[in-house]
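Q: Give me coordinates for this.
(2 chains)
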Amino acid sequence: MARDRNQGDEFSAPLRRLFLGVLLLVLLGVFLVWRIDSPRVERFRAQITDAVVPNFDWAMAPVTGAVNLLRDFQSYQRIVDQNRELRRELQQMKAWKEAASQLGEENARLLDLNNVRLDPQLTYVTGVVLADSGSPFRQSVLLNIGARDGIIDGWAAMDGIGLVGRISGVGKSSSRVMLLTDSSSRIPARIQGSGQTALIVGDNTVAPHVDFVETPDLVRPGDRVVTSGDGGVFPGGLLIGQVATDPAGRLRVRLAADYERLEFLRVLRHHGQESLESPGSLVAPLSPDSFVDNGDG
Amino acid sequence: MAEAALSNKWLMRVVFAVLCLILIFSQLLPLETTPRRWAGPDFMVVLALAWAVRQPDYTPALLVAAMFLLADFLLQRPPGLGAAIMVAACEAQHRRSYRLRDATFASEWFNATVVLVLITLGYRLVAAIFLLPLPSLGLMLMQMMMNVALYPAVVFLSHVLFGIRRATVHEATMGAN
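A: Got it, this is the predicted structure:
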């Protein structure tokens, strides 16, 4: 058998080498095409992911569940301490709940008085996290909702509280959410308190940088950071987190969303902000007709 | 015997493919959604290198290319680059498998270390030339060292579980005839 192979080598070795060269060329060709025409190949990637990953779902859900159960089990050791702690927190929460419900009532009354209409366009679709990026260098998750559910690239994804990331890559029944922590994530934001705009720049750490702040001196740790809606891609006013400073003195944002457990994400439907296109025309009183005619022109 | 060896070869190729799919699958599990400060080893790379040097027949270039291309697409890496590097690395391992047949394990490990370092260097070089966003050097170095440290364990496990061993001296002399 070994002899056969050795004899075959005489003829097949150049052929094999040729085949190998062609294979390498094809692979490098794929890479080059990706580098030159990235959007098309990324769409192809989304299709592949769409075709492959949902098929694994039946296996992924139980394995993920089992591992999470094991992790929870470790925390059962401290269950007595935790219970006591929770009771104490519950006491405090009851007081807060009372205050919140009173404020809620008051707010509803005031809104009613002022006839405020909240933005009816911001509805959402909720999706389940299927998979993460699988690499320590990228931060993204895959949702089980896609173009079928009307998801469009660039929409915002939130968990119950804060912004998690934005849709980047949509397949038929799956879509990828680039998290705020990914090193290519940039989100325009406003820092409440001083009202300055900034850019939230992900850098593959738990707390993204706050960059391009005009006067950092005015920013205090603890200030809330919300999306500004600049650029029209993102709805404004979504909570991102709170400002914090790292040991090096740079501003970072402690994210409000719970990144430890991303299970369900809301994707906000957003159809862009309306822009005012015509310049304001002359505003004039109606009564003298001739004046109005002249003013309109 | 030849037929048995042939079917065994195809069986082990299927086993390799299944192992790769399981590894991709386990990496995709949504368990780590916070950024990590450390990078785990890349099991697929180590597995492919170990099998390539020990039993070249089980890791044909086409299979390696297909598996790593799939991994590139699913794991958000530049498609084709990782696959091309791994095909070249496995081919280098195939060529050396004859020479390393009688060598000690230490020299096999050293050889694997050199290949792993070259893979990391090659990836970073190409990424720098094509102006790709480079992942942090610390993480990549850590992953490389984890890969090197993992190599003996992967070799041991594939020896025990799948009987992947180097061809014996007896077979080697037959091959040299």
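
Q: Spatially central residue for chain B, please.
A: B:A48 (2.4 Å; CA atoms, centre = their mean).

Q: what pLDDT does it get?
A: pLDDT for B:A48: 94.

Q: Quick check, it in contact with B:A88.
A: No - using CB atoms under 8 Å, B:A48 makes no contact with B:A88, being 11.7 Å away. Yep, even glycine has a C-beta here, placed from its N, CA and C like the rest.

Q: Is it correct that A:L130 falls within a strand?
A: Yes - the assignment for A:L130, made by DSSP: H, G, I helix; E, B strand; the rest coil, places it in a strand.

Q: Am I right that A:G193 is in contact with A:D223?
A: Yes - using CB under 8 Å, A:G193 is in contact with A:D223, at 4.2 Å.

Q: When these two are compared, which one has more neighbours?
A: A:D223 (18 against 14; other CB atoms under 10 Å in any protein chain shown).

Q: Now do the helices in the stretch 51-200 of chain A.
A: Using DSSP state H, counting those that start in this stretch, the helices of the stretch 51-200 of chain A run over residues A:79-114.

Q: what residues does it put near chain B?
A: The stretch 51-200 of chain A comes close to chain B at residues A:52-53, A:56, A:59-60, A:63-64, A:67-68, A:129-142, A:179, A:181, A:183-184, as judged by CB under 8 Å from any CB of the partner chain.

Q: who touches both of A:G193 and A:D223?
A: By CB atoms under 8 Å, 6 or more residues apart in numbering or on different chains, A:G193 and A:D223 have no common neighbours.

Q: count of neighbours near A:T197?
A: A:T197, neighbours per other CB under 10 Å, totals 13.

Q: typo on my end, B:A149
A: Count around B:A149 with other CB under 10 Å applied: 12.

Q: would it count as being in a helix?
A: Yes - B:A149 sits within a helix when classified using three-state DSSP.

Q: State the distance from A:G236 to B:A48.
A: 48 Å (CB to CB, to the nearest Å).

Q: again, but for A:P208
A: Distance from A:P208 to B:A48, by CB to CB: 35 Å.

Q: A:L86 too?
A: 49 Å.

Q: Would you map the helices across chain B?
A: B:2-28, B:43-54, B:61-74, B:81-99, B:105-129, B:137-162, B:169-176 (DSSP state H).

Q: Over the first one, what's the mean pLDDT, rounded is fine.
A: Predicted confidence along helix B:2-28 averages 85 (mean pLDDT).

Q: for the third one, same thing?
A: Summarised as a single mean, pLDDT over helix B:61-74 is 92.

Q: Can it be said to contact chain A?
A: Yes - residues of helix B:61-74 are located near chain A by CB under 8 Å from any CB, namely B:61-62, B:65, B:69-70, B:73-74.

Q: what about A:I191, how many neighbours?
A: Neighbour tally, A:I191, other CB under 10 Å: 25.

Q: residue ranges for the strands of the stretch 51-200 of chain A, please.
A: A:124-132, A:140-143, A:156-158, A:163-170, A:175-179, A:186-191, A:196-201 (DSSP state E, counting those that start in this stretch).

Q: Next, count neighbours for B:E32.
A: 17.

Q: Pretty sure it sits against A:D132.
A: Yes - B:E32 sits in contact with A:D132 when judged by CB under 8 Å, with a separation of 6.1 Å.

Q: residues in contact with A:R261?
A: A:68, B:33 are the contacts of A:R261 under CB under 8 Å, 6+ apart.

Q: Show the model's pLDDT score for it.
A: 80.

Q: Could you report the distance from it to A:L179?
A: For A:R261, the distance to A:L179 - CB to CB - is 13 Å.

Q: what do you get for B:V160?
A: 39 Å.

Q: Neighbour count for the two, which is higher?
A: A:L179 (29 against 9).

Q: contacting residues around A:Q192?
A: Applying CB under 8 Å, 6+ apart, the residues near A:Q192 are A:223-226.

Q: among the residues of the stretch 51-200 of chain A next to chain B, which ones are buried?
A: A:52-53, A:56, A:60, A:64, A:129-142, A:179, A:181, A:183 (16 or more other CB atoms under 10 Å in any protein chain shown).

Q: burial measure for residue 96, as a count.
A: This is for chain A. Count around A:W96 with other CB under 10 Å applied: 9.

Q: if you could check chain B rather than the one you did, that'd help
A: Residues near B:R96, counting by other CB under 10 Å: 18.

Q: Surely it touches B:N111?
A: Yes - the pair B:R96 and B:N111 passes the contact test of CB under 8 Å, sitting 6.3 Å apart.

Q: Quick check: neighbours shared by the two?
A: B:V53.

Q: give me every residue that touches the nearest residue to B:W51 once chain neighbours are set aside.
A: Among residues not flanking B:W51 along the chain, B:T59 sits closest, at 4.9 Å (CB to CB, 6 or more residues apart in numbering or on different chains). Applying CB under 8 Å, 6+ apart, we find B:T59 in contact with B:13, B:16, B:48, B:51-52, B:90, B:94.

Q: Could you check what's spatially nearest to residue 56, not counting adjacent residues?
A: With no chain named, the answer covers chain A. Using CB to CB, 6+ apart, the nearest residue to A:F56 is B:F25, at 5.7 Å.

Q: looking at chain B here, not the other one
A: Nearest one to B:P56, counting by CB to CB, 6+ apart, is B:H94 at 4.2 Å.
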